[in-house]
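Student: Provided below for reference: sequence and predicted model.
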Amino acid sequence: MKTLKMNKNFLTILLPLFLGIQILYSQNSSAVLKTAALMEKQGNLENAVAIYEGLLNNEPKNLQAYQKLKNVYKKMGNYPKTVLLIKEHIKLFPNDLQSHLELGEAKYLNKNIKGAEKIWNDLESKFGNTPNTYRILMYMYSRLSLQEEMEAVVYRGREKLNNHALLSLDLANYYKARRVFDKAMDEFIRYLIANLQQKKMITDRILHMSDEEEARAVIEKKILENVAKNESALRVLAASFYFKTGNYTKAFNQHHTLGFTTKEDLIRWLGFADNLRREGRYELAVKAYELLLSPELISNNTKIIGQALLGLGLTFENKIIPSQNKFPLVQYFPDNIFFENHFYGDQNLSFSSLETAFQFYDSLLVKMPVSSFSASAHFRLGEIQYRITMDFDGASRSYEAALRSKPKKTLENDIRLRIGDLYLAKGDTTAALAYFEHELSRGTTFLNRLIQVNLLAGRPDSAMVLIKSALGTIRPEAASFNDLLELRDLIQQHYLSGSSEDRMAFELFFSSEFLIRQKKLSESAEALYYLREQYPNASILPQAILREALIRKTLNQIPEALLLAEKLTQTQHGDIGWVLYGEILEKSKNEPKKALDYYYRVLEEFPASLLCEPVRFHVRKLNEKLKS
C-alpha cells in the first residue's frame, strides 16, 4: 500500500514534466490546448498551468495560450505570476492597451495599489487621445467597484476630448442597474441631447426605469429641470413619461406646448391622439384630433387631416362599441343577418364635433386628389357617417370616393353592399330593389340583401321564391344557410300558412322592421303597438311583443318595456319574457337583487329552455359581483 502511494506521488510530480516535453515536441498546439482545457474543466488546474506554460515557452506569441494561462492564474488567485505573465506579454506587444490595463488590475488585486495607479495613469497619458481608452478604464474601475475613480476618469475624458456626452449611456446604464436614479437620469438626458437619433432607445430605457415607483419623482424632476437644453426632445420625453404613468392631461399639455410648426409636429400629434384613443381616453383624444382639424393647419396636409378625421370618427365609435359588445341575454334573432342592427344604440353622446369634422371632410373631397386617402379610409369614414351620425348623404359621398380609389374586390363588394343599404336607410325600397337586382351577379351576400329588401318592401311571396332559390344553391356550411332557414320558417308559419289576419299582421310587422332600418325606432314601436291592438290573435303577436319590448328598452321607455316583457310571459315564450323582465330590472333600473328572482324563476319553471345555460352562468357572475 505504501509503495502504491509513493508511485502515485511520483506520477503527480513527473506528469507536468512529461506534459511539458510533449508540448515541446508537439506539432499540434490546438490539440494540446484542448487537453489543457479538459484538465481545467476537471479542476486539475496545476497540470493545466503546466501545459499552458510549456506551450508559451515554445510559442511565446500564442495568444490563446496566453489568455488561458492568465485566466487560470486569476482563478487560482496567483496574482504575482499574473503580473509577470502580463509583463512578458507587453514586451512582445507594447501597444496592447488592454494588457497595460490588465497589468494595473493584476497589481491592484495583488495589493500593490500605488503600482496599479501608476500604470493606469501612464496608460491614460499615453493612450488618452481616444474614447476607447476611457471606456476600458471606466469598465475596469467599475469591475473593481471603484466608483469615484470611474466617475473621475470619465470626466477627465470628456474634458480632454471635448465631448460632454462621452460614455454617458454607459454611465446611465451603470447607475440605472444600481438604482441611482438621479445620476442615471443626468446621463440619459446628456446622451439624448447629443444623440437625438437614439431618442426611442433612451425613452424606452427611462420608461422602463419608471416601473420603479421611487424613480418617478426623480424622472419628472430631471426632465423638467433640463427642458431648456432641448425643448422638443425633452417635452416629447416628458409626454411619454406622463402617458406611461397615466397622467394623460399632463402628456397632452407637453405636446400642446410644442405646437404645430412642422409636418413632423403634425405626425407627432396625430400619433399622440391615436394613442389616447387606443388607451380609452376618448375626451382627450377628441380634443387632440380637433386641434389637428383646425382650419389654419389644413393647407398641404390633406393626408394627415384625413387620418385625423378617421381617428376622430373611430374615437366616437370606440366609445360606443364597448356597451354594444355587452350582449344581452335576450336578443331578437341573434346573429341573423336579416335582423342585424346597422346602427349603434343611443348613448346620449354629442356628435357635434364629429359632424363638424365631416362637413370639413366633405369640402375636402371636392379638391383633394383621389390618392389622398386609401379606399379603406374612405370606406371607414363612410361607415362612421352611416352607423353613428346617420349622415346618409355624407356616407354616400364617402363610399363613392372609396370606389374611385380603386379598392380590392372584397372591399369593393363591401362598399357596393353599403351603397344599397343607404337606399333602405333613406326609405327608398324601389331604388334598393333595382340596385340589388342589378348587383345580383356579385354573389350570395347581394342575393341575401335582395331577399331582405323584398320583405321590407312588402313582397314576402317574392322573398320566399328567392329564399328557395338560395337554399338550392348555397352549401349547408355557408354562413347564411341557417339564417335563410329561420327566415323561411318565419314566412311559412306567419304568412303563407296563416289566416288573412296573420298575413296582414305579418306585413305590418315587416313594415316596422323597415322603420328600424331607417333608425326610426319610435315609429317602429308605434307600428308594433298598432299591430297588437288591431290583430290580437295574429300568430306573429309574441314576436311583435318581444320586438316592441326591446325597442322600448332601447328608447329608455322602461315602464312600457316591463309591461311588454310581462305580456310576453303569457305566451309560449314565457321563458324569454321573464329573462327580459329580469334584464330590464338589472340593467335599466339597477335592481340586480330583484332581477335574480326572475332569473331563478326561469331556471325553476323552464328547465328545458335554451336560455337556462346562459342565465345560470349570468346568475353566478351576478352573485359574485353582489358579494364583492
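Tutor: Thanks, I have the structure now. Numbering: from 1, shown residues only.
Student: in what helix or strand does residue 594 lie?
Tutor: helix 592-605 (DSSP states H and E).
Student: what's the helix or strand following that helix packed up against?
Tutor: Going down the chain from helix 592-605, the next helix or strand is helix 612-627, by DSSP H and E. Packing contacts for helix 612-627, counted by 3 or more C-beta pairs under 8 Å, 6 or more residues apart in numbering; DSSP states H and E, involve helix 592-605. For the C-beta atoms, the positions are set from N, CA and C on the backbone; glycine is no exception.
Student: could you give the angle of the helix holding residue 594 to helix 612-627?
Tutor: 150 degrees (axes from the mean of the first three to the mean of the last three C-alpha atoms, to 10 degrees).
Student: Please write out the alpha-carbon positions of helix 592-605 in PDB.
Tutor: Provided in PDB are the C-alpha atoms of helix 592-605 (Å, rounded to 0.1, in the frame of the first residue of the first chain):
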ATOM      1  CA  PRO A 592     -79.900  43.300  -9.600                       C
ATOM      2  CA  LYS A 593     -81.200  41.600  -6.500                       C
ATOM      3  CA  LYS A 594     -84.800  41.800  -7.800                       C
ATOM      4  CA  ALA A 595     -83.600  40.700 -11.200                       C
ATOM      5  CA  LEU A 596     -82.200  37.500  -9.600                       C
ATOM      6  CA  ASP A 597     -85.700  36.400  -8.500                       C
ATOM      7  CA  TYR A 598     -86.800  36.400 -12.100                       C
ATOM      8  CA  TYR A 599     -83.700  34.600 -13.300                       C
ATOM      9  CA  TYR A 600     -84.300  31.900 -10.700                       C
ATOM     10  CA  ARG A 601     -87.900  31.700 -11.800                       C
ATOM     11  CA  VAL A 602     -86.800  30.800 -15.300                       C
ATOM     12  CA  LEU A 603     -84.400  28.100 -14.100                       C
ATOM     13  CA  GLU A 604     -87.200  26.600 -12.000                       C
ATOM     14  CA  GLU A 605     -90.100  26.800 -14.300                       C
END
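Student: Off-centre distance for that helix?
Tutor: 39 Å (C-alpha atoms, centre = their mean, to the nearest Å).
Student: for the record, mean pLDDT for that helix?
Tutor: Confidence over helix 592-605 (mean pLDDT, whole number) is 95.
Student: again with stretch 138-158
Tutor: On average, stretch 138-158 scores 94.
Student: So, low pLDDT: which residues of the stretch 301-450 of the chain?
Tutor: Across the stretch 301-450 of the chain, the ranges flagged by pLDDT under 70 are 301-302, 320-326, 345-373.
Student: what ranges do the helices span in it?
Tutor: 302-324, 352-367, 375-384, 392-404, 409-425, 429-438, 444-456 (DSSP state H, counting those that start in this stretch).
Student: which stretch among the ones you listed comes nearest residue 222?
Tutor: helix 302-324 (32.4 Å; C-beta to C-beta).
Student: Can you check what angle separates the closest one from helix 375-384?
Tutor: 50 degrees.
Student: Please tell me how far residue 281 sits from residue 60.
Tutor: Going from residue 281 to residue 60 by C-beta to C-beta, to the nearest Å gives 69 Å.
Student: Please apply the same query to residue 258.
Tutor: For residue 258 relative to residue 60 (C-beta to C-beta), the value is 63 Å.
Student: When the two are compared, which one has more neighbours?
Tutor: residue 258 (16 against 13; other C-beta atoms under 10 Å).
Student: Next one, pLDDT for the more buried one please.
Tutor: Residue 258 is given a pLDDT of 91.
Student: isn't it right next to residue 231, touching?
Tutor: Yes - counting by C-beta atoms under 8 Å, residue 231 is a contact partner of residue 258 at 7.3 Å.
Student: okay, now residue 604: neighbour count?
Tutor: 8.
Student: Could you do residue 381 as well?
Tutor: Residues near residue 381, counting by other C-beta under 10 Å, number 28.
Student: any common contacting residues for residue 258 and residue 231?
Tutor: With contacts defined as C-beta atoms under 8 Å, 6 or more residues apart in numbering, no residue is shared by residue 258 and residue 231.
Student: what separates residue 378 from residue 391, distance-wise?
Tutor: 14 Å.
Student: So if I had to pick from the two, which one is more boxed in?
Tutor: residue 378 (28 against 20).
Student: ok, now which ones touch residue 222?
Tutor: Counting by C-beta under 8 Å, 6+ apart, residue 222 has contacts 182, 185-186, 189.
Student: helix, strand or coil for it?
Tutor: Applying DSSP: H, G, I helix; E, B strand; the rest coil to residue 222 yields a three-state assignment of helix.
Student: Could you check the pLDDT of it?
Tutor: 97.
Student: I figured residue 280 was touching residue 246, is that so?
Tutor: No - using C-beta under 8 Å, residue 280 is not in contact with residue 246, being 11.5 Å away.
Student: And the residue nearest to residue 507 when sequence neighbours are not counted, how close does it get to residue 503?
Tutor: Nearest-residue entry for residue 507: residue 458, 5.6 Å, with adjacent residues in sequence omitted and distances by C-beta to C-beta, 6 or more residues apart in numbering. Residue 458 sits 11 Å away from residue 503, going by C-beta to C-beta.
Student: Can you select the buried ones among the contacts of residue 222 for me in PyMOL?
Tutor: Selection of buried members from these for PyMOL, criterion 16 or more other C-beta atoms under 10 Å:
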select buried, resi 185+186+189
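Student: Can you report how many residues lie near residue 41?
Tutor: Residues near residue 41, counting by other C-beta under 10 Å, number 9.
Student: meant to ask about residue 422
Tutor: Residue 422: 20 neighbours (other C-beta under 10 Å).
Student: hang on, the earlier thing: residue 458 and residue 503: which is more packed in?
Tutor: residue 503 (19 against 15).
Student: Where does the more buried one sit, in terms of helix or strand?
Tutor: Per DSSP H and E: helix 500-516 holds residue 503.
Student: Could you check how far that helix is from the centre of its chain?
Tutor: Relative to the centre of its chain, helix 500-516 is centred 46 Å away, using C-alpha atoms, centre = their mean.
Student: what do you get for stretch 398-415?
Tutor: 27 Å.
Student: With stretch 439-447 instead?
Tutor: Mean C-alpha position of stretch 439-447 versus that of the full chain (C-alpha atoms, centre = their mean) differs by 36 Å.
Student: Of all the residues in that stretch, which ones are buried?
Tutor: In stretch 439-447, counting by 16+ other C-beta under 10 Å, buried: 439, 442, 445-447.
Student: quick check, nearest of those to residue 87?
Tutor: Nearest to residue 87 among those, with distances taken as C-beta to C-beta, is residue 445, at 85.3 Å.
Student: That closest one touches residue 416, doesn't it?
Tutor: No - counting by C-beta under 8 Å, residue 416 is not a contact partner of residue 445; they are 9.7 Å apart.
Student: just for the stretch 1-150 of the chain, where's the confidence low?
Tutor: 1-28.
Student: rerun at 90
Tutor: 1-79, 82-83, 86-90, 94-113, 115-117, 119-120, 122-129 (pLDDT under 90).
Student: all strands of it, in order?
Tutor: Using DSSP state E, counting those that start in this stretch, no strands are found in the stretch 1-150 of the chain.
Student: For it, which segments count as helices?
Tutor: Using DSSP H, counting those that start in this stretch, helices in the stretch 1-150 of the chain cover 2-25, 29-41, 45-58, 63-76, 79-92, 97-109, 113-127, 131-143, 147-161.
Student: nearest to residue 487, of the ones you listed?
Tutor: Taking the helices of the stretch 1-150 of the chain one by one with C-beta to C-beta, helix 131-143 is closest: 75.8 Å.
Student: What residues does the nearest residue to residue 595 once chain neighbours are set aside make contact with?
Tutor: Excluding its sequence neighbours, the residue lying closest to residue 595 (C-beta to C-beta, 6+ apart) is residue 586, at 3.6 Å. For residue 586, the contacting residues are 592, 595, 622, by C-beta under 8 Å, 6+ apart.
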